[in-house]
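1. Sharing a sequence plus its predicted fold:
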Amino acid sequence: MSEKKKFALVTGGSRGIGKAICLQLAMDTEYKILINYKENASAAQETLNEIEKIGGSAEIIQFNVGDNKDVQNKLDQWHETNKDAIIEVIVNNAGITKDGLFMWMKPEDWNNVINTSLNGFFNVTNHLIQKLLVHKYGRIINMVSVSGLKGTPGQVNYSAAKGGIIAGTKALAQEIAKRNITVNAVAPGFIKTDMTGDLDEKELKKMIPMNRFGDAGEVAHLVSFLASKKSSYITGEVININGGIYS
């Protein structure tokens, strides 16, 4: 049997932490990177170009992680055209925020955040898991947040979504550990990205023992380690990367 081509899928891989993860995996591993995006095609293309510039290899796949049918259709089409391929690493990174006080929160702001983060984790991982179980090897890495661990006021929806993924990570890790598949979560604190661009960095830095925001590249190094064979005895863990803000 010919050796399968091995891929690492990063959802929401076109910008921010997702983009940094795509680049780091391309640098550190032999994987071909599958860059998922929902709407921003030009950002996804830019990530692809940067990966090729550093000598890596990548493809783009468009789907909305929150739409189960879309996820299934696009991944099935992809497998149809890549019959000799296996997605060995899944990085569930896609997520959105719709912040606001719970008292005033609209149902759509609750549902959209839960749908993208929590249901997105289910839709993508559930559809790919059977192939990993047959393959008897895999790495599932879920991007969560300090909000999912300690809760953040004004982010009840986001905290609930990320907290749900944390619990799911621990449960799934136990189900599939015998098959050599690890499931871990990475919980960033304040990281410099588009998503944190509107925050008052000067004020928030005072809360952080390291007195600075993190860099997306720092998060990407951790994800790259968890995606490698070096992390083979770590599973069901939530690893904080937050400059000491929650320790």
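-> Nice, I can see it.
2. Contacts only, for the residue sitting nearest the centre point of the chain.
-> Central residue of the chain (Cα atoms, centre = their mean): residue 93, 2.1 Å from the mean position. Counting by Cβ atoms under 8 Å, 6 or more residues apart in numbering, residue 93 makes contact with 10, 11, 12, 13, 17, 18, 21, 143. Where C-beta positions appear, they are placed from N, C-alpha and C, glycine not excepted.
3. residue ranges with poor pLDDT in this structure?
-> Counting by pLDDT under 70, the chain contains low-confidence ranges at 1-2, 195-199, 247.
4. now the helices: where do they sit in it?
-> For the chain, the helices defined by DSSP state H occupy 16-28, 41-53, 68-81, 107-114, 120-135, 146-150, 156-176, 201-204, 216-226.
5. tilt between the last one and helix 16-28?
-> Taking axes from the mean of the first three to the mean of the last three Cα atoms, to 10 degrees, one finds helix 216-226 and helix 16-28 inclined to each other by 50 degrees.
6. and helix 216-226, which residues are buried?
-> Across helix 216-226, burial judged by 16 or more other Cβ atoms under 10 Å covers 216, 219, 220, 221, 222, 223, 224, 225, 226.
7. For it, which helices and strands make contact with it?
-> The contact analysis (3 or more Cβ pairs under 8 Å, 6 or more residues apart in numbering; DSSP states H and E) places helix 216-226 against helix 16-28, strand 138-143, strand 181-188, strand 191-192, strand 238-241.
8. same thing but at 10 Å, please
-> Helix 216-226 is packed against strand 5-10, helix 16-28, strand 85-92, strand 138-143, strand 181-188, strand 191-192, strand 238-241, with contacts defined by 3 or more Cβ pairs under 10 Å, 6 or more residues apart in numbering; DSSP states H and E.
9. do you know which of these lies nearest residue 49?
-> Among the helices and strands packed on helix 216-226, the nearest to residue 49 by Cβ to Cβ is helix 16-28 (11.0 Å).
10. relative to strand 138-143, how tilted is that closest one?
-> Going by the same axes, to 10 degrees, helix 16-28 makes 150 degrees with strand 138-143.
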